[in-house]
Structures are given as structure tokens and as C-alpha cells.
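>>> Pasting a predicted model and its sequence here:
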Amino acid sequence: MADPRFFDRKGPFTLAQLAEASGAEIADGADPNRLFHDVAPLDAAGPGEVAFLDNRKYTDAFARSAAGAAFVDRSHAAKAPAGMALLLTPEPYKAYARAAWKFYPPQSPPTGIATTAAVDPSVRLGADCWVGDYAVIEAGVEIGARCRIGHHAVIGRSVVLGDDVTVGSHASLGYCLIGSRVTLYPGVRIGQDGFGFAPDPSGHLKVPQLGRVIIEDDVEIGANTTVDRGAGPDTIVRRGTMIDNLVQLGHNVVVGRGCVLVAQVGISGSTKLGDFVMVGGQAGLAGHLTIGSGAKIAAMSGVMRDVPAGETVCGQPAVPIKEFFRQVAVVQRLAKKGGT
Amino acid sequence: MADPRFFDRKGPFTLAQLAEASGAEIADGADPNRLFHDVAPLDAAGPGEVAFLDNRKYTDAFARSAAGAAFVDRSHAAKAPAGMALLLTPEPYKAYARAAWKFYPPQSPPTGIATTAAVDPSVRLGADCWVGDYAVIEAGVEIGARCRIGHHAVIGRSVVLGDDVTVGSHASLGYCLIGSRVTLYPGVRIGQDGFGFAPDPSGHLKVPQLGRVIIEDDVEIGANTTVDRGAGPDTIVRRGTMIDNLVQLGHNVVVGRGCVLVAQVGISGSTKLGDFVMVGGQAGLAGHLTIGSGAKIAAMSGVMRDVPAGETVCGQPAVPIKEFFRQVAVVQRLAKKGGT
Amino acid sequence: MADPRFFDRKGPFTLAQLAEASGAEIADGADPNRLFHDVAPLDAAGPGEVAFLDNRKYTDAFARSAAGAAFVDRSHAAKAPAGMALLLTPEPYKAYARAAWKFYPPQSPPTGIATTAAVDPSVRLGADCWVGDYAVIEAGVEIGARCRIGHHAVIGRSVVLGDDVTVGSHASLGYCLIGSRVTLYPGVRIGQDGFGFAPDPSGHLKVPQLGRVIIEDDVEIGANTTVDRGAGPDTIVRRGTMIDNLVQLGHNVVVGRGCVLVAQVGISGSTKLGDFVMVGGQAGLAGHLTIGSGAKIAAMSGVMRDVPAGETVCGQPAVPIKEFFRQVAVVQRLAKKGGT
């Protein structure tokens, strides 16, 4: 079970309650009134706990699991151990997530302003906000309702936050407009000058960075990630996009709706991503590119050219994934015979 | 126009004033007394605004632009739309930068020490400095004139800063000597122990890190970048070098004058770069290498050997760029025919 | 010599004292009573200083060195310049480290709690701790003896620290249990939510992250590194592991004992490393992998598959290193002849 020092658990819940919360269907033979106390991973779950199988790699762990119940796709149901109650769903991970939220609902955020916080008198704070110790909120900032501003966060002059925004500890925000239900993790840096200068041997000439950062609703930005403000246009992250830790977004970058950027990705200045683009960890995108909606960029790829909508690319320089695998295969074959 | 919540604009200025400020030449037919209110990107600028064309990718945007004037190289002048006043210059980006500084001059920094800052009585602060909320400045620190120490910055014992230094919020500095006109962005970590230990199965043995970090004049270091102090020699960044976000410099690294290190670059311990070296994003350099002056290291390259002065390298392992392109070409050709 | 503004030096010590402290053997002809004042690098050391030769690249510097003494392997002794006293040891770097600690012993940490720190009344602090300015320690935290909590560090609710732990400035810790003699560098982020969500075009569904981060004894974690907490299982870093700056560990990652992770490495969720695994800088590991004990992963490798114990891999995708070199060789050969 989750460590009670860190997590507050609700329940128990019946199988029927979990099925209802998750949208899954109870498989024949399972008792809808059976009680469950917690969620747990397949290899750790006991008879009172609910697990899930989503990744085929864990099919053996599923077959050996002592979990009392599991969310599983119908196609894997036959591999379940005897006595396991099955919650059938084509999306076991989502169903698990909903059940887990039932056991561990979001804690109602604290409210109030720490006496140690430095909040400028001109700041407009919505209802039921929380401001942590030593947070600094500069003049002209507008903050919506139910926001949580972490310890030591710095919110620079005139920044605007929507409702239900979480700003992690030690985050710094400047020159930005943030939507609602946005989560910024600890150490995020938003709105500093982009890397804009005209190279010159006698001294690189800095170019004023006159844009902003626009973060739309429902975005998450991971720990220690850096998002530079625009040079003239804005840097924009559209609605529902998830950005992991230690990612770099250069000035004027536009990330479309619902994108996923895995840790340590770097996107150079003025590159624009469409909607629902997936970028694997440590991939790098050159500047001034256009990446079409639905494109997938494999981890560690180095993207030097535009990527059409829906295409999957891989490699350095990145090419369509089928071509990448052919390249890898031909090099491996030649290496094995010692070349030609 | 730049968001007035974040930026204070001067002007308007005549075309003649902008030509003078930027060093550009007014093309025939343009009215030197025409007034301009702002700078703007090509695709957003209107008749009262000045844009620029520097990257050939944007030639179409230039031809369609409604900008009242633009900085442009003589060779592209013919593509200008009717009615656009041209400011001719071989360096449009620099000219634009100078004009932009005229509209948006650097704000005169605030001065004074926040009452919440923890400044040791032994600290020597130059004239007209600003120290933000909750900044910590330890014993023996010497700070020159007109420095700006951000909220929550920590400046460790005996650190020395020159004049006109900007230390971003949440930056931490220790064991370092910083020149004048240096800008350190938020979350920068300077002077911590390098990754120095003797590997040992019974417990890696730490080696005392007895050097410093020396940052010369006119250097910029990006957000959340980390610069370890020397192990015995110093870690050094020479005059005028620009370092982007999330870069790692190991102990004893020397970066020469006027270098450019793009985001997420990593330079391993004791590697030395000459002057005016360019390192593309996410490139990695092994330890104990010598990179000659004027060398260019392409983004994502993995440099395993010394690079001669002036050479451009690419790839993993990095090779001269012509060889890299031949390698890419041969692999792509073989992959297309299915190998041999 | 080390800058006395930053380092306090002891000594002088005789050659015999240094031999005893380091476990090295005095070579014939050297005077055991000769006094030494400091350690220094080969190229900077003078007659009163002790250097070391460990990396063959520096053999020339050794032969030219003016150092009064040096730690060196017997096999290089013949190259020593006349008059240099030799301290023979098969492990010159370790011997040097021990001598350096004799000249520069760890400073006895300060103690006391800064009046500006925000420490919840329920916190249990061991003897002789130091808590820096503006540190925040939330309810229920337990801290062992002789810990040093840096300025601006944030230690979240119910976190547990062992003895002799150093938490760097601006670090943030949550949902974690930390062993003894652990060093966390400035800007470390430990315990935030992992990147866990079920992708969905209508809005990615976040999954509660119910695990913790467990850091065992004698671990070091570098500046601005991020360690996400487990999703259900814990994220674990076992005893004696050294982690460099700007590294990313995803949720449920397990890093075994005595591992070394160089800067900017990224390890995706649920991947498990055995003991004494070495991971070179900027390498990336996909999720759900098993890396055997003693494996070595070269810098910048992209690991897509399990790696057996003791194997060395390299490349993207990573292959056994011999195969990697064959691949590089065959591509370079083909590129030189212009392909086939």
C-alpha cells in the first residue's frame, strides 16, 4: 500500500463500485460485493488489492499475481490466475487510474498566504489560494482561484495565472500568461530571455527578447524544465500538452494541443509542433521546423527537416522509421560480414 | 507590439533615426522622415512597424509582409513588397537588434536591498546594486557596482562579482570569481563539487575539489545550467562566451573567448575549447580533449577526439562534416537497395 | 595552491606522513622527512607540492613536471624528472585523494538553525544539525544527526533523512526516505510526480503516483538532477551510487549499488540497473529494461533492450561495443570509397 506518511487512502470499495468508477465491466464469476482496500502493482498486490495489466511485458507477472482483482483487456483474460476477479476494459491503464483516484482522491489544497511570503500589495489573488513560505509575487500579478503557489516560487511582474494552477517550489515565472489547471513542477524556469544574439567576434550582440510565454489550459511542465520567452512572437504551449523534466523550449517555439514531450527533449527556436505530437526522450529538433499533427519523433532522434503530419521518424538525422530500421539492419549486416 | 504589461516602449522614431541607430542605409525612394512605432516579426508587422529578413527560409514571408520598413541585405531587396521602406545592411539581424534596443532600451535596474535579504555584515556591495527578496549573501562576498542579485539567489562565502552583473532568481554561486557585465540566468548552479571520485567497489572515494570557477567579462550562462568547480585547476569560461540553458560543464573545463554553447550541451571534465568555438544543442564532448579555436561542433555530435582549429565535425563519433554527410549518404543508399 | 578565500589548508606534512596517509610506498632515494605544503596538478606543481599521474594522456606533463613529489604507478616511475620524489602505488588517483584530504580535511560543518528558516514544530532534528537561511521543513519530517540543510532547501511533509546528510541550497524533497551520508547538490528535485498518464486525445488522464523515492546510504545526486517518485512501486537508488548533474530518473527506476551515472543521463520509467553499472554522459535508457550488474553503457548510447551483466554497449540503438566499432568502421570505409 502507499506509504500512509505521504498518502491518505479512502475505501474500502466493492468490486461494483470500482467497476462503476472506472467504466470497466466485471467478468463472469466475480462477486460484485467483494471488498478491496487498495490498488497495487501486479507483483506486490494481495487478495484485497486491485492491479492492472497494460504492457505485454508484464503478462507473466499477471499470470503469477496474487492480486484479488485486475483491470485487463479481454484478450488477456484467459491468462489470469485462479480466483482473480477481472475488470474487463479495452483501456486497463485508464481504468486503473480512475480506480486509483477513488482510493487516493486529490487532497483538498491548503489555503492561505504564508506570513513569510512577499506579495506586492497590487497583486490580485483569487479565492481559496495558497501561497507558500518565502514565495515572491511581484507587482501587477493576477492569480485566479484555488491556485497553489509553492514555497520559494517567484512570480514576476504582471504575470497572469488562471484558476487551479499549481506552481511548484523554486519555480520562476516571468513575462508569461498561464491558463487554468496548469501544473508547473519545482524548479521550472519560464519566461527568461531566449538565446537571441547576433554572433560577432568583437562581442555577440544581444537582441531584445520582446515576446512572452503563453501556456494554455491543462498543461503540465516538468521539474527543472526551461521555457524561454519569445523574441517578438510568443513561445506557446497549447492546451493539454504534457512536458516532462529537464526539457528545453527555445524562443518562439509553438507546441500544439495534447502533445507529449518526454524528459530532456530540446526544441530549438521558432520550431512549431502541431497537435498530438509525441517526442521521445532526449530527442532534439533543429530550429525553424514545422512538425505536423500526430507526428511521432522517437527518443534521441535528431530532427533536421520538417516532419509531415502523422509520420514517425527516428535517427540522427531523423528519417521515417521504416527507413531507420532498414539503415540499422544494413549496417549491422555489413558489420557482421566485416564490410564489403 | 510587445505586451505593455511586460515591456516599456520608446518612440516613435523616424526612418532616419533608425538608420542612424542601426548603421543601415536607407534605400532609394524611402522617406527618411516616415515615423515608425515599433519593431515586429515579418508576418505580424504593419505599416508603422519595422521588421527584418535574415534567414532565407522567410523570404516568402518578406515578400508578403505588410511591414512599413525592413532591414534586409541588398541581395534580397528586389523581393520587397511595394511600399516597404528598405534599410539596407549586410547584417540585417544586428541592425534589427540595434533598432529594437532603441524602442526597448534596457530598463534602468532598481536599486536597494530588500529587507528580507540575508546579507552578511562583512559583504562589500558596490554602488547602486539591487538585492532581491530572500537573497542570501554569505561572509566575505565582494560585489561590484550596479549588480542585480535576484530573489532567492545564494552567493556563497568569499565569491567575487564584478560590475553590472545580473544573478537570476534561485541561482546558487560558490567558489567562484565572476567578471563584469555577466548575466547568470535563474537556477544556474556554479561552483559545486565536480564529479570527482576514484571508483571502488567497496565505496567510491571522493577526491577533494580544490579549484574554482572563473567567469570572465561579458559571459551569459543560461537557466538551470550547471558549472562544476575545478578539481585543482580552475573551471574557466572566457570573455564574451554565450551559454544556453541546461548545459553541463564538468570540472577543469576551459571554454575560450566568444564561444557559443547551445542548450543541453555537455562537456566532460578537463576538456578545453579555444576561442569562438560553436557547439550545437545536445552535443557531448568526452573528457580531456582539446578543441581548436573556430571549430564548429554540430548539434548532437559525440566528440571523442581532439578537433583541429576551424574544423566542423558532426556525428557520433564525430567526424569532419563532409565525411559525416558521405556516411549518411552511403547508409541511406544501401538501406534503399536493401543492403548488399 | 587552492584559493585560501575558499579552502583552509593544513600541513606541511613530510613525505613519510603522506605515504602513510595514502598507503603509497616511498621510492628508493627519496627523503622521507622532506616537507610538502600542498597538492597541485602536474603542470602547476612546484618543489613543495605533490602531484599525481593517473591518465596516460598526461605522461609528458609528468616528465616535465616541477612537482617535488608525485603519486605514480611503478610502471611509469622511469619517466619521472630528476629530483622528483616518487610515491609508488597501483592506484595513484586514490592515493592522491587521501593526501589531498590530509591537506584539506572536510570542514566541520556549522551547526544551528537560521532564524529565518521555517521549521514546523513537529519536525524532529538530530544533534548538531545546521539549517540554512529560508529553508522550509514541513510537518512530520525526521532528520538525523549532523545534517546540513542548505539555504532555501524545501523538505516536504514526512520526509525522513538519516545522519550526516547534506541537502544543497534550493533542493526540493518530497515523498522520500533518504539514508545516511547522502549528498544532494543544489537544485536537486526529488519526489515529484512521475510522468504518468494515460494518453487520450480528449485530455491525457493523469495516474496517481503513489510510490516514494528511496535513496540509500552514501549516495550523491548532482545539481539540478530530477528523480521522480514511483507510480506504485518506489523509485530506488541503492547504496554508494554516484549521480552527476542534470540526470533524469523516471518513476519506478531502480539503480543498484555503486553505480555511476554521468551528467545528463536519462533513465525511463521502470528500468532497473544492477550493481556497479556505469552509464556514460547523455546516454538514454528506454523504459522497462533490465541492465545487469557490471554493465557499462557508453556515453550517448541509446539503450532499447536489456543488457546482460558485465556487457559493454554503445551506439543508437546500443549494441555490444565490439559490434559498435565494427559498424563505425564499415560505414567509414564505405563512405571513403563512396559506397558500393
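Right, received. Where do you want to start?
>>> so what's A:Glu320 bridging to?
No Glu there; residue A:320 is Pro. With DSSP bridges applied, A:Pro320 shows beta-bridge pairing to A:Val313.
>>> That one: how many residues sit nearby?
Residues within reach of A:Pro320, counting by other Cβ atoms under 10 Å in any protein chain shown, total 15. All C-beta atoms are positioned from the backbone trio N, CA, C, and that covers glycine.
>>> Now A:Ala21: which helix or strand?
Per DSSP states H and E: A:Ala21 is located in helix A:15-22.
>>> From the chain's centroid, how far away is that helix?
How far helix A:15-22 lies from its chain's middle: 26 Å, per Cα atoms, centre = their mean, to the nearest Å.
>>> so, in contact with chain C or not, it?
No: Helix A:15-22 does not reach chain C (Cβ under 8 Å from any Cβ of the partner chain); its nearest approach is 11.0 Å.
>>> Low-confidence regions, chain A specifically.
A:338-340 (pLDDT under 70).
>>> Just list whatever residues bridge to the spatially most central residue of it.
Of all residues in chain A, the one closest to the mean position by Cα atoms, centre = their mean is A:Met242, 3.4 Å from it. Listed by DSSP bridges, the beta-bridge partners for A:Met242 are A:Glu220, A:Val260.
>>> Against A:Val262, how distant is it?
Applying Cβ to Cβ, to the nearest Å, the value for A:Met242 to A:Val262 is 9 Å.
>>> what's the overlap in contacts for the two?
With Cβ atoms under 8 Å, 6 or more residues apart in numbering or on different chains applied, the overlap between the contact sets of A:Met242 and A:Val262 consists of C:Phe195.
>>> Stretch A:192-212 and chain C in contact?
No: shown here: stretch A:192-212 not in contact with chain C (Cβ under 8 Å from any Cβ), separated by at least 15.0 Å.
>>> picking that back up, the residue nearest to the centre of chain A is in contact with A:Val260, isn't it?
Yes: checked against Cβ atoms under 8 Å, the pair A:Met242 and A:Val260 is within contact range at 5.1 Å.
>>> anything in contact with each of the two?
Taking Cβ under 8 Å, 6+ apart as the criterion, A:Met242 and A:Val260 both touch C:His204.
>>> Doesn't A:Ser100 lie inside a helix?
That one is not Ser; residue A:100 is Ala. Yes: checked against DSSP: H, G, I helix; E, B strand; the rest coil, A:Ala100 lies within a helix.
>>> any idea whether A:Leu334 is helix, strand or coil?
Reduced to three states with three-state DSSP, the structure at A:Leu334 is helix.
>>> helix, strand or coil for the residue nearest to it when sequence neighbours are not counted?
In this structure, A:Leu334 finds its nearest non-sequential neighbour in C:Val330, 4.6 Å apart by Cβ to Cβ, 6 or more residues apart in numbering or on different chains. Of the three states, C:Val330 takes helix according to three-state DSSP.
>>> How much space separates C:Val330 from A:Arg333?
Going from C:Val330 to A:Arg333 by Cβ to Cβ gives 10 Å.
>>> Who has more neighbours out of the two?
The neighbour comparison of C:Val330 against A:Arg333 (other Cβ under 10 Å) goes to C:Val330, with 23 against 14.
>>> Straight-line length of stretch A:58-71, end to end?
This stretch, stretch A:58-71, spans 13 Å end to end (Cα to Cα, to the nearest Å).
>>> what residues does that stretch touch?
Residues lying outside stretch A:58-71 but in contact with it, judged by Cβ under 8 Å, 6+ apart, are A:15, A:18, A:22, A:24, A:30, A:34, A:36, A:40, A:42-43, A:45-53, A:72, A:76, A:79-81, A:83-87, A:89, A:92-93, A:95-96, A:99.
>>> Could you pull up the contacting residues of the nearest residue to A:Gly230 once chain neighbours are set aside?
Spatial nearest neighbour of A:Gly230, chain neighbours left out: A:Gly211 (2.2 Å); criterion: Cβ to Cβ, 6+ apart. Taking Cβ under 8 Å, 6+ apart as the definition of contact, the neighbours of A:Gly211 are A:175, A:229-235, A:251-252, B:2.
>>> from those residues, which is closest to C:Arg124?
When the contacts of A:Gly211 are compared for distance to C:Arg124 (Cβ to Cβ), A:Tyr175 wins out at 42.1 Å.
>>> Around the nearest residue to that closest one once chain neighbours are set aside, how many other residues sit close by?
By the measure of Cβ to Cβ, 6+ apart, the closest residue to A:Tyr175 outside its immediate chain neighbours is A:Gly191, 3.9 Å from it. Each residue near A:Gly191 was counted by other Cβ under 10 Å, and the total is 28.
>>> try A:Ala40
For A:Ala40, the tally of surrounding residues (other Cβ under 10 Å) stands at 25.
>>> got a list of what the closest residue to it other than its chain neighbours touches?
Beyond its immediate neighbours in the sequence, the residue positioned closest to A:Ala40 (Cβ to Cβ, 6+ apart) is A:Glu49, lying 4.1 Å away. Taking Cβ under 8 Å, 6+ apart, we find A:Glu49 in contact with A:1, A:36-40, A:67-69.
>>> on that earlier part again, how close does the residue nearest to A:Gly230 sit to A:Leu177?
Relative to A:Leu177, A:Gly211 is positioned 11 Å away (Cβ to Cβ).
>>> how about the nearest residue to A:Gly280, chain neighbours excluded?
Nearest in space to A:Gly280, with sequence neighbours left out and distances taken as Cβ to Cβ, 6+ apart, is A:Ala299 at 3.1 Å.
>>> again with A:Lys57
C:His288 is the one closest to A:Lys57 (Cβ to Cβ, 6+ apart), at 5.5 Å.
>>> Does the one you found touch C:Ser270 like I think?
Yes: with contact defined as Cβ under 8 Å, C:His288 reaches C:Ser270; the gap is 4.7 Å.
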